[in-house]
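Asker: Below: sequence and its predicted model.
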Amino acid sequence: MSRDNFNDLHAFLMVAKKGSFTRAAAELGVSQSALSHAMRGLEERLGIRLLMRTTRSVSPTNAGERLIRTIGPCFEDIQSELTALNELRDKPAGTIRLSSSSHAADYILIPKLQPFLKEYPDIQVEINVDNGLTDIVSERFDAGVRLGERVAKDMIATRIGPNMRMVVVAAPDYFERYSQPKDPHELTDHNCINFRFPTHGGLYMWEFEKKGHAMNVSTEGQLIVNNTQQQINATLAGVGLGFVPEDMVVEYIKSGQLIQVLDDWCPSFPGFHLYYPNRRQPSPAFSLLLEALRSSS
């Protein structure tokens, strides 16, 4: 294979991945016109059309899809090996891409990464905050961070955070207008701030347990959000009852800005885990990050 073909095939994969000549050119560090010219040259040499071009997007043809399936893994292997060789230097180096919820990013990753990044200046960590259930394999992340109970069984999972609890809270102003619930069933009489899952779009059912008796309550209210911080802000504003992670509101409870109810119905559960494919061979940089995150978890 000539050097031109190799470079053009790499460029073709980037165009197919980004779905845009503009975004692919920016990623490759070349001009859009040069990239377009290279793709036309590749198609002419192969004698077949690889890309469907419209005014708004670019997508691979059937032949292009076949080529991606054939050469894509090869280029990924080459990139992985080059990364591994790069990390054989005296200092660990490389970029680690993580998918995380905003809660885990703020309360687990950022605090633990501060000393880690200071110790290893040649390691770069990219955090993509996504409160849905991202497919880390198809999206090419090195690892993801989610609650232990939500990690797929075919993944390797390592605990990186303490046990958690969800708690029911409301502002004092709210309880001046409504009585405090003594039982989860009474939540149906309250204005509850609901949470909609970004991935499948369903509303989160409030989960309770006491003395081995589990209870899921489908709550109702005037406000629905898809971000926990929004739910907390609305709760502080007196909109209604919120069902939120305890560590995110513990200071508000201590200061009296929020009042906690149904405490004996809110058990702890396994906290955040870092997970990655079991077929993945961890790089030195990734192994160091894993050790740093699980320490004192």
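Answerer: Yes, it's here. Residues are numbered from 1 along each chain as shown.

Asker: rest of the way, CA atoms for contacts and neighbours
Answerer: Will do.

Asker: Verify the contact between Gly271 and Pro162 for me.
Answerer: Yes. Using CA atoms under 8 Å, Gly271 is in contact with Pro162, at 5.4 Å.

Asker: surely Val15 meets Ala24?
Answerer: Yes. In this structure, Val15 is within contact of Ala24 by CA under 8 Å, at 5.1 Å.

Asker: So between these two, which is more surrounded?
Answerer: Neighbours of Val15 and Ala24, each counted by other CA atoms under 10 Å, are more numerous for Val15; the result is 25 against 22.

Asker: Give me the contacts around the longest helix seen in the chain.
Answerer: Scanning the chain for the longest helix, with DSSP state H as the assignment, gives helix 62-86. Residues outside helix 62-86 that contact it (CA atoms under 8 Å, 6 or more residues apart in numbering) are 10, 13, 48-51, 93-94, 283-284.

Asker: please redo it, this time with the cut-off set to 6 Å
Answerer: By CA atoms under 6 Å, 6 or more residues apart in numbering, the surrounding residues in contact with helix 62-86 are Leu50.

Asker: Quick check: next helix or strand after it?
Answerer: The helix or strand immediately downstream of helix 62-86 is strand 94-100, counting by DSSP states H and E.

Asker: Run through the neighbouring helices and strands of that following strand.
Answerer: Judged by 3 or more CA pairs under 6 Å, 6 or more residues apart in numbering; DSSP states H and E, strand 94-100 is in contact with strand 123-129, strand 143-147.

Asker: go with 8 Å
Answerer: Applying 3 or more CA pairs under 8 Å, 6 or more residues apart in numbering; DSSP states H and E, we find strand 94-100 packed against strand 123-129, strand 143-147, helix 284-294.

Asker: For it, output the C-alpha coordinates as PDB.
Answerer: The C-alpha coordinates for strand 94-100 follow below in PDB (Å, rounded to 0.1, in the frame of the first residue of the first chain):
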ATOM      1  CA  GLY A  94      -1.700   9.400  26.500                       C
ATOM      2  CA  THR A  95      -5.400  10.500  26.500                       C
ATOM      3  CA  ILE A  96      -8.100   8.700  28.400                       C
ATOM      4  CA  ARG A  97     -11.700   9.300  27.400                       C
ATOM      5  CA  LEU A  98     -14.400   8.800  30.100                       C
ATOM      6  CA  SER A  99     -18.200   8.900  29.900                       C
ATOM      7  CA  SER A 100     -19.800   9.900  33.100                       C
END
